[in-house]
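**Student:** The following block contains a protein sequence and its predicted model.
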2 protein chains.
Amino acid sequence: MLKEYCADRVVIVDQALKDAVAENGFPPVIYEAMRYSLLSGGKRLRPILLMAAAEAVGGKGDNYLDVACGLEMIHTYSLIHDDLPAMDNDDYRRGRLTNHKVYGEGMAVLAGDGLLTAAFEIMLGQPGVEPAVLLKVVREIAQAAGPGGMVGGQALDLASEGREVDADILRRMHEGKTGALFKAALRAGALLAGGSEAQVNNLTEYGEYFGLAFQITDDILDITGSQEVIGKPVGSDVKNQKATYVTMYGLEGANVMAREAVDRALTALKDFGPEADVLRELAMYLLTRNS
Amino acid sequence: MLKEYCADRVVIVDQALKDAVAENGFPPVIYEAMRYSLLSGGKRLRPILLMAAAEAVGGKGDNYLDVACGLEMIHTYSLIHDDLPAMDNDDYRRGRLTNHKVYGEGMAVLAGDGLLTAAFEIMLGQPGVEPAVLLKVVREIAQAAGPGGMVGGQALDLASEGREVDADILRRMHEGKTGALFKAALRAGALLAGGSEAQVNNLTEYGEYFGLAFQITDDILDITGSQEVIGKPVGSDVKNQKATYVTMYGLEGANVMAREAVDRALTALKDFGPEADVLRELAMYLLTRNS
């Protein structure tokens, strides 16, 4: 059931993303470079989480596609910049050459800048939402994506290269790099669809543990995964001497932590009925994912 | 009078910018890198234009400092990314080492990303404005800064390196690189302060010609200016074999075009009284500026 739900949602989101960058502006190459990375078949996890959160509070996920697409565009820009030679220097992403390998470093920087900026443009045009609510939601997303969130996590990662990383730093790094945007996706869905304060708080907690479980299982996949399935070389964390949940706690320890995080994510949903089943399944899927 | 007006405004804007990035988040280095470029003594032309436009329609410029600061943060991020080795590869800016020369390329990319994202956060928190108006204004700024505006202009610049550039491409490049954000500053000020449609249109036209005059005089300064005064090496356009208004029309031709653009900017203000004198003086100042 989760598989079908996600497949349906991916179709809807992919079409909306295509529309969002369909314009053939000038010069064409910047739009090509943006599309190359945006339309390369991601899991669309952040848009799906936003829509599922809206549904958990009784709303209709499809009503908030503009904000959902904005989240995916922000996520994609962060991957493009993260892959740059000056950052992680990765050649492959989702089974294809990274943006800068195809378009060159300068254009890849600009493609990321373009996606980040266009994300705000599209989110701020979301129809059917009270302007004051939309302002609050997009502002929260900006905060989550900025130096106090995702950009801060990336900076911490970069600044930690070649240094001893303790458990606290590792946690903060990942809260920034991935956790903040996951949490923002959950909150956005709940707030846009008019969830109560208690619902928003519960979904926020779910988002925090979901993000943690995602990161731990991501680190596990870097060791146990298959390049064919995950679309990028395995073992890249080891190659880059990066601290991960596996290097810090061992494979078994990391597995235990992932299960605990998923348990807590599920507990955060205890006041919801079947309308939150998608979120429950999404959390459980993290424990069995292979990409 | 203009000098004093601008000096007063710079003090106000600088303080607001300091407050905007005052937070000592984690890791400190990303905030340091953002502050390094943001607080390096720019002319704050975009915030000043926004405030002056608000005043031209009878508003109070200081009321819109958050949006004004956002414009300066967007401008600053674009300079940081533009200076990167993969782009213009500049070592000096405003008389100091460029961001990547001090913090490294990776951190400079992130400092730019952080400023761009934080710009939206601060703009969306602007108090004292109808939420629907603020949404519209910030969305326009996103559009002006994105692939249809500034990022598109940068991409065109990058894609044109080493190629023949005709007058049409040069115009489009600069409309994107600098014109779009100047125009957005004027429109933002007028819209935030509740200007009439006619006033907004007139200030939009002023903004277009102001931007053109700014770019032409910028190109002239690259030939005739002094490194000590403008803070970056002169002749860099020639060094980089860039098409400019001077290479395209000659020094005298460029001077004539700059005067014409200023004339048109002034004409666009003909329905305004003395409340637009600052804008008039700002346009005229472009013809005599030395930095």
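**Tutor:** Good, I have the coordinates.
**Student:** Spell out which parts of the stretch 101-250 of chain A neighbour chain B.
**Tutor:** A:104-107, A:109-110, A:112-114, A:116-118, A:120-121, A:124-125, A:130-132, A:134-135, A:138-139, A:142-143, A:145-148, A:151-152, A:154-156, A:158-159, A:172 (CB under 8 Å from any CB of the partner chain). (Each C-beta comes from the backbone N, C-alpha and C, glycine too.)
**Student:** Can you tell me which of these end up in helices?
**Tutor:** A:105-107, A:109-110, A:112-114, A:116-118, A:120-121, A:124, A:131-132, A:134-135, A:138-139, A:142-143, A:145, A:151-152, A:154-156, A:158-159, A:172 (DSSP state H).
**Student:** measure residue A:41 to residue A:201 for me?
**Tutor:** Distance, residue A:41 to residue A:201, by CB to CB, to the nearest Å: 34 Å.
**Student:** Who has more neighbours out of these two?
**Tutor:** residue A:201 (14 against 11; other CB atoms under 10 Å in any protein chain shown).
**Student:** does residue A:287 really touch residue A:217, like I thought?
**Tutor:** Yes - applying CB atoms under 8 Å, one finds residue A:287 in contact with residue A:217, separated by 6.9 Å.
**Student:** low-scoring stretches of the stretch 1-150 of chain A, by residue?
**Tutor:** In the prediction, the stretch 1-150 of chain A carries no residues with pLDDT under 70.
**Student:** Can you say which of the ones in helices among the residues of the stretch 101-250 of chain A next to chain B are buried?
**Tutor:** A:105-107, A:109-110, A:112-114, A:116-118, A:120-121, A:124, A:134-135, A:138-139, A:142-143, A:145, A:151-152, A:154-156, A:158-159, A:172 (16 or more other CB atoms under 10 Å in any protein chain shown).
**Student:** The nearest residue to residue A:210 once chain neighbours are set aside and residue B:291, how far apart?
**Tutor:** Closest residue to residue A:210 apart from its sequence neighbours, by CB to CB, 6 or more residues apart in numbering or on different chains: residue A:265 at 5.0 Å. To residue B:291, residue A:265 is 56 Å away according to CB to CB.
**Student:** More neighbours: which of these two?
**Tutor:** residue A:265 (25 against 13).
**Student:** and the more buried one, what pLDDT?
**Tutor:** pLDDT, residue A:265: 98.
**Student:** Next: residue A:224.
**Tutor:** With respect to pLDDT, residue A:224 has a value of 87.
**Student:** Correct me if wrong: residue A:30 contacts residue A:115.
**Tutor:** No - Residue A:30 is beyond contact range of residue A:115, at 10.1 Å (criterion: CB under 8 Å).
**Student:** In contact with residue A:85, which residues?
**Tutor:** Contact analysis of residue A:85 by CB atoms under 8 Å, 6 or more residues apart in numbering or on different chains lists A:100, A:105.
**Student:** my guess is it is in a helix, correct?
**Tutor:** No - counting by DSSP: H, G, I helix; E, B strand; the rest coil, residue A:85 is not part of a helix but coil.
**Student:** Just the residues contacting stretch A:242-250, thanks.
**Tutor:** By CB under 8 Å, 6+ apart, stretch A:242-250 touches A:157, A:160-161, A:165, A:167, A:169-170, A:215-216, A:219-220, A:222-223, A:237-238, A:253-254, A:256-258.
**Student:** ok, now with 10 Å
**Tutor:** A:88, A:157, A:160-161, A:163-167, A:169-171, A:173-174, A:212, A:215-224, A:236-238, A:241, A:251-258 (CB atoms under 10 Å, 6 or more residues apart in numbering or on different chains).
**Student:** ok, longest helix in chain A?
**Tutor:** Ranking each helix of chain A by length (DSSP H) puts helix A:197-224 first.
**Student:** How about the helix or strand residue A:6 falls within and chain B, touching?
**Tutor:** Using DSSP states H and E, the secondary-structure element containing residue A:6 is helix A:2-20. No - Helix A:2-20 is not in contact with chain B by CB under 10 Å from any CB of the partner chain; minimum separation 11.0 Å.
**Student:** Report the angle between that helix and helix A:105-124.
**Tutor:** Note on geometry: by axes from the mean of the first three to the mean of the last three CA atoms, to 10 degrees, helix A:2-20 and helix A:105-124 are set 100 degrees apart in direction.
**Student:** Which elements pack onto helix A:2-20?
**Tutor:** Counting contacts by 3 or more CB pairs under 10 Å, 6 or more residues apart in numbering or on different chains; DSSP states H and E, helix A:2-20 is packed against helix A:28-38, helix A:45-56, helix A:65-82, helix A:105-124, helix A:277-285.
**Student:** Tabulate the ones you listed in a markdown table, adding columns for distance to residue A:94.
**Tutor:** As requested, these are arranged in a markdown table below (distance: least, CB to CB, whole Å):
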| stretch | distance to residue A:94 |
| --- | --- |
| helix A:28-38 | 9 |
| helix A:45-56 | 13 |
| helix A:65-82 | 9 |
| helix A:105-124 | 15 |
| helix A:277-285 | 18 |
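**Student:** just so I know, which of those helices lies nearest residue B:8?
**Tutor:** Taking CB to CB, helix A:105-124 is the member of the helices and strands packed on helix A:2-20 nearest to residue B:8, at 30.9 Å.
**Student:** Pull the distance from that closest one to the chain's centre.
**Tutor:** Relative to its parent chain, helix A:105-124 has a centroid offset of 16 Å by CA atoms, centre = their mean, to the nearest Å.
**Student:** can you dump the C-alpha coordinates of it into PDB?
**Tutor:** The C-alpha coordinates for helix A:105-124 follow below in PDB (Å, rounded to 0.1, in the frame of the first residue of the first chain):
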ATOM      1  CA  GLU A 105      31.400  24.000 -11.700                       C
ATOM      2  CA  GLY A 106      30.300  27.600 -12.400                       C
ATOM      3  CA  MET A 107      27.000  26.500 -13.900                       C
ATOM      4  CA  ALA A 108      26.400  24.000 -11.200                       C
ATOM      5  CA  VAL A 109      26.800  26.700  -8.600                       C
ATOM      6  CA  LEU A 110      24.200  28.800 -10.500                       C
ATOM      7  CA  ALA A 111      21.900  25.900 -11.100                       C
ATOM      8  CA  GLY A 112      21.800  25.400  -7.300                       C
ATOM      9  CA  ASP A 113      21.300  29.100  -6.700                       C
ATOM     10  CA  GLY A 114      18.500  29.100  -9.300                       C
ATOM     11  CA  LEU A 115      16.700  26.200  -7.800                       C
ATOM     12  CA  LEU A 116      16.900  27.700  -4.300                       C
ATOM     13  CA  THR A 117      15.600  31.000  -5.400                       C
ATOM     14  CA  ALA A 118      12.900  29.600  -7.600                       C
ATOM     15  CA  ALA A 119      11.800  27.400  -4.700                       C
ATOM     16  CA  PHE A 120      10.800  30.500  -2.800                       C
ATOM     17  CA  GLU A 121       9.100  32.000  -5.800                       C
ATOM     18  CA  ILE A 122       6.900  28.900  -6.300                       C
ATOM     19  CA  MET A 123       6.200  28.400  -2.600                       C
ATOM     20  CA  LEU A 124       5.100  32.100  -2.200                       C
END
